[in-house]
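Asks: Build me a structure from this.
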Amino acid sequence: MIRCIAVDDEPLALSLLEDNISKLPFLELVGTCNNCFEAMELMQKEQTDLIFIDIQMPGMTGLQYISGLKERPLVIFITAYSQYAVDSYDLDVVDYLVKPVPLDRFMRACNRAKELKELKEAPKSLQKSQPSDHFFVNSDHSQVKIKFDDIIWMKGYGDYIKFHLKKSERPLVVRMTFKELEGQLPENLFIRIHRSYSVAINEITAIRKNSIYLGDKELAVGETYRDSVQNLTQR
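Replies: Prediction:
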């Protein structure tokens, strides 16, 4: 069960959000708030796994509130303004939804949050044991062999992963989730740097606070993953 709260200063939007949450059996709504200050008070009282939050609100914006949280739950922004999507990207949120939000789009965002929560809580012992140097993926009705040392980096697109490989000019696109992918990758060879990116550790040429470099390629580091990325410099 995912314990969530909803934050929006518009009563109708909050009511619609509450109704959508009630349709998903794995969500437990523990409270609703009209502004960030109410959310702050509620989160001090209630364990919160996921927060649905508007951006433009009086007193404090949703972006300001989320960026100021030291221990951040999963976040889904729901807003009428598309121009804040880039700013939310740096906060490594689960999703960014623009009102009015169709129910199927809302469900996809919540399923992604569920997947991320399960991945975070999964015991290491449940991770799949794999061959020492490769694994297979389904692509174009074939089982394609990918060697670990051929992978440079990977990007997730919902239910698809794009593999950037040394021996191929074009990326290999495979239907699989990051949860499935991380069960295949050895932890000593790869690192998740963002909810959408995983990279080969040996291919990293430079590390900054908010980004890493793979040669000339710069990739953003999500807030959730910054500590583990910085730990690479201590090895």
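
Asks: Which pLDDT value does the model give Pro123?
Replies: Turning to Pro123, the model gives it a pLDDT of 56.

Asks: typo on my end, Arg235
Replies: Value listed for Arg235 in the pLDDT field: 65.

Asks: So that it lines up with my notes, have the first residue be 21 from now on.
Replies: Renumbered: residue one is now 21, and that last one reads Arg255.

Asks: Low-confidence ranges, this protein, go.
Replies: Scanning the chain for pLDDT under 70 picks out the ranges 106, 109, 142-151, 160-161, 255.

Asks: give me that answer again for 50
Replies: 144-148, 150 (pLDDT under 50).

Asks: ok, Leu117 - contacts?
Replies: Under the criterion of CB atoms under 8 Å, 6 or more residues apart in numbering, the neighbours of Leu117 are 96-99, 125-126, 129. Every residue, glycine included, has its C-beta placed from N, CA and C.

Asks: before we move on, what SS does the closest residue to Val219 other than its chain neighbours have?
Replies: In this structure, Val219 finds its nearest non-sequential neighbour in Trp173, 4.2 Å apart by CB to CB, 6 or more residues apart in numbering. Under DSSP: H, G, I helix; E, B strand; the rest coil, Trp173 falls in the strand class.

Asks: tally of neighbours for Met63?
Replies: 20 (other CB atoms under 10 Å).

Asks: what about the nearest residue to Lys43 once chain neighbours are set aside, distance to Ile221?
Replies: Once flanking residues are discounted, Lys43 sits nearest to Leu123: 7.2 Å by CB to CB, 6+ apart. Distance from Leu123 to Ile221, counting by CB to CB, to the nearest Å: 40 Å.

Asks: Looking at these two, which has the bigger crowd around it?
Replies: Between Leu123 and Ile221, counted using other CB under 10 Å, the more crowded position is Ile221 (15 against 12).

Asks: ok, the more buried one - contacts?
Replies: 208-211, 252.

Asks: Surely the residue nearest to Val219 is in contact with Leu239?
Replies: Yes - between Trp173 and Leu239 there is a contact at 6.8 Å, judged by CB atoms under 8 Å.

Asks: Overlap in contacts, these two.
Replies: Joint contacts of Trp173 and Leu239 (CB under 8 Å, 6+ apart) are 217, 219.

Asks: higher neighbour count, those two?
Replies: Set Trp173 next to Leu239 and count neighbours by other CB under 10 Å: Trp173 wins out with 21 against 18.

Asks: Check the spacing between the more buried one and Tyr233 real quick.
Replies: For Trp173 relative to Tyr233 (CB to CB), the value is 11 Å.
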